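**Q** below are the sequence and a predicted model for it; my questions follow.
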Amino acid sequence: MNLLRPLPLILLMSAIGRAALPASAPAAPPSPAAVVIEITRIVEDGKPMLNARVTVDGKPASGVTVEFSAPRTFGAVALGKDNTLDDGTAAVVFPTLPGAADGTLRIEAVLTAPDAFAGQHAAASLPAFAPRPAAADRGFARTLWSPHAPVPLLATLLVLLGGVWLTYGVVIYQIFKIKQEASS
Amino acid sequence: MTSEAAIGIPRDERDRIETELIATLGRPRFGGRLTVYALLSVVGWGAFAFLWQALHGLRVTAMTNYFSWGVYIVNFVFFIGVSHAGTLVSAILRVTGAEWRRPITRMAEAITLFALLVGAPMVIIDMGRPDRVANVVLHGRLQSPIVWDVLSICTYMTGSLIYLYLPLIPDLAILRDRGVGLPWQKRLYRALALNWRGTPAQHRRLERAIGIMAIVIIPVAISVHTVVSYIFSMTLRPGWHSTIFGPYFVVGAIFSGIAAIITAMALFRRFSHLQDYLTESVFKKLGALLLTLNLVYIYFTFSEYITMGYTGETSDRRLLGALLHGVYAGRFWTMVLVGLIIPALLLSLPWTRTLRGIVAASVLVNIGMWMKRFIIVVPTLAAPFMPVQNAGGAPLSYAPTWVEWSITAGALAAFSLLYFLFATVFPIVSIWEMAEAPPERVRENGGAS
């Protein structure tokens, strides 16, 4: 059930484009509407879905186009788009992309229509569909971000380098003895 | 007090060997001084280029996001390869009891040390922020092959220094006893000679220490170039991710190392008048070793590319196309011809297997092996798995700038200069080892008239 718990990232955006009137406009500008996009992971008919709920001034906004994407190292992967229903929700199938080392997947939602909302966006880190086990939990966690090197690797390095440096020590001892023997 | 070491040949013969080899030391003559000034100028120019790079950052090089490694890493792999000349070749010949090694071990061991001293800093130059080099130690991850490389090179450098120093001790005692050199040299010889008197007990200890080092340095040297190869082969890139890279690199290192020794021998034979010690016979024996390594390297090269070509993965095919008939074809086939085929012919045909032919082959191998390292590093970086972005549709290309060429020239000059200066202060042919050689070997390899 933990996976179903919403992990919303609420982004409060202060203005929409239409509200940004020039300062010299004779009429007083309307008060800016507060757009909130809440991204969650839900289960619908037993299928994991990526859900975004759009509200304007606390009320659900219907007919708003939401585009979902997952930012990756080289650009973003488009996950699909949907229009919000009367309850302000839009949903696409949750992607099967692997998550980050901590098992979460970064998701972005951007509003593209109508123009009044275009450009508003929010992001959230949700539990990945197939969460990647943390590096430290794997059998041979040799990744550079794992907290420490795997024990077999450490042992190998220690034995090899220790053996060589110990031998150097023996040779340097012989060098000292060469000097001592001349004095004796 | 004269050392009591020399036991193999008559006293007068030994004195003559000592006198002849000590005569190679001292202040260089006019030509030698000119060489030193010329090398110093190139080193100075290289230092200026490095300063320029330090001030302006890596943007003064041709390196980019795609070409994070350039000629600096090519130089690094090349010098580490050359460093195998000394320690490994000398140690193998020592362990196998090859008597003909005696005139060449010192110059081989010195090559190792100076090649490491010049080659290892190439990585720091490549990083672009030399002020952050301590982070490699402070924040290095033992999981990274780069940290293994740092550890193995430090171990190798220490071992090479000990291995160079040990056989020097009796010679330093000879120089001390003969009062050779300027006052600072006399003090240096006295300090480093460790009160060597050549007593049987001292000899036993020295032989034991050299024996231990000769054995331990072989796996250390092999591990160094294997770890250098891991930096490539443990990266998922076409042309790099190969299981034969370890032995391929080790063979390549010994190959270029032997070529470097032969080149150095030819220079010392010519300019230090060591014809009686560095005989044609020694050149021919090393030439035979060079040919063996040449053929093994051709085999590895063939095996590497035929495997890559036959499986025909998209990225491998793209890289192979660039090498065989694409952007890098000129350099690839020049490397094959200059570094592998022509030397193999020169070394195997009876009428070219002469001193000149062997030296020519060695010089070509050195050039070819530098090009081979370029072929390993650069074309792979030009063939990334991910689509190329922000390159304006143009193919990726890398042409080193004047800064990179200047630093490269400065490194080569620094190596030559260090080696040259070493030979003016320390005997480049081991005096005591020549004097202890069995008489018939001395007659064959030098010393007897």
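**A** Here it is on my side, so go on.

**Q** buried set for stretch B:87-97?
**A** B:87, B:88, B:89, B:90, B:91, B:92, B:93, B:94 (16 or more other C-beta atoms under 10 Å in any protein chain shown). Any C-beta I mention is one placed from the backbone N, CA and C, and that applies to glycine too.

**Q** three-state assignment of residue A:125?
**A** strand (DSSP: H, G, I helix; E, B strand; the rest coil).

**Q** where does residue 66 land in three-state SS?
**A** Assuming you mean chain A. strand.

**Q** looking at chain B here, not the other one
**A** Per three-state DSSP, residue B:66 ends up coil.

**Q** which SS state does the residue of chain A found nearest chain B fall under?
**A** When scored by C-beta to the nearest C-beta, chain A has residue A:182 as its residue closest to chain B, at 3.4 Å. What three-state DSSP gives for residue A:182 is helix.

**Q** re earlier: narrow the buried residues of stretch B:87-97 to those in strands?
**A** Per DSSP state E, strands hold no members of those.

**Q** any chance of a markdown table for those residues, columns pLDDT and distance to chain A?
**A** What follows is those, written out as a markdown table (pLDDT from 0 to 100; distance: C-beta to the nearest C-beta, whole Å):
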| residue | pLDDT | distance to chain A |
| --- | --- | --- |
| B:87 | 76 | 13 |
| B:88 | 75 | 15 |
| B:89 | 79 | 19 |
| B:90 | 82 | 16 |
| B:91 | 85 | 13 |
| B:92 | 84 | 18 |
| B:93 | 83 | 19 |
| B:94 | 84 | 14 |
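
**Q** about what we covered before: residues contacting the residue of chain A closest to chain B?
**A** By C-beta atoms under 8 Å, 6 or more residues apart in numbering or on different chains, the contact set of residue A:182 is B:194, B:195, B:196, B:197, B:199, B:202.

**Q** list just the nearest of these to chain A.
**A** Comparing those against chain A with C-beta to the nearest C-beta places residue B:195 closest, at 3.4 Å.

**Q** quick one on the thing from earlier: export the contacts of residue A:182 to TSV and tack on secondary structure and neighbour count?
**A** Formatted as TSV, these follow (DSSP: H, G, I helix; E, B strand; the rest coil; neighbours: other C-beta atoms under 10 Å in any protein chain shown):
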residue	secondary structure	neighbour count
B:194	coil	21
B:195	coil	16
B:196	coil	26
B:197	coil	21
B:199	coil	16
B:202	helix	25
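
**Q** tell me which residue lies nearest the centroid of chain B.
**A** Central residue of chain B (C-alpha atoms, centre = their mean): residue B:82, 2.1 Å from the mean position.

**Q** which ones, among the contacts of residue A:182, also lie beside chain A?
**A** When contact is defined as C-beta under 8 Å from any C-beta of the partner chain, the contacts of residue A:182 meet chain A at B:194, B:195, B:196, B:197, B:199, B:202.

**Q** secondary structure element holding residue 52?
**A** You didn't say which chain, so I picked chain A. Using DSSP states H and E, residue A:52 sits in strand A:47-56.

**Q** meant chain B actually
**A** Using DSSP H and E, residue B:52 falls in helix B:30-56.

**Q** what of residue B:292?
**A** Assessed by DSSP H and E, residue B:292 sits inside helix B:280-311.

**Q** just to revisit the earlier point, which two from the contacts of residue A:182 end up farthest apart in space?
**A** Across those, the longest distance by C-beta to C-beta is 12.2 Å; it joins B:194 and B:199.

**Q** ok, the residue lying closest to residue B:87 once chain neighbours are set aside - how many residues close by?
**A** The spatial neighbour of residue B:87 that comes closest, neighbours along the chain excluded (C-beta to C-beta, 6 or more residues apart in numbering or on different chains), is residue B:112 at 4.5 Å. Neighbourhood size, residue B:112 [other C-beta atoms under 10 Å in any protein chain shown]: 31.
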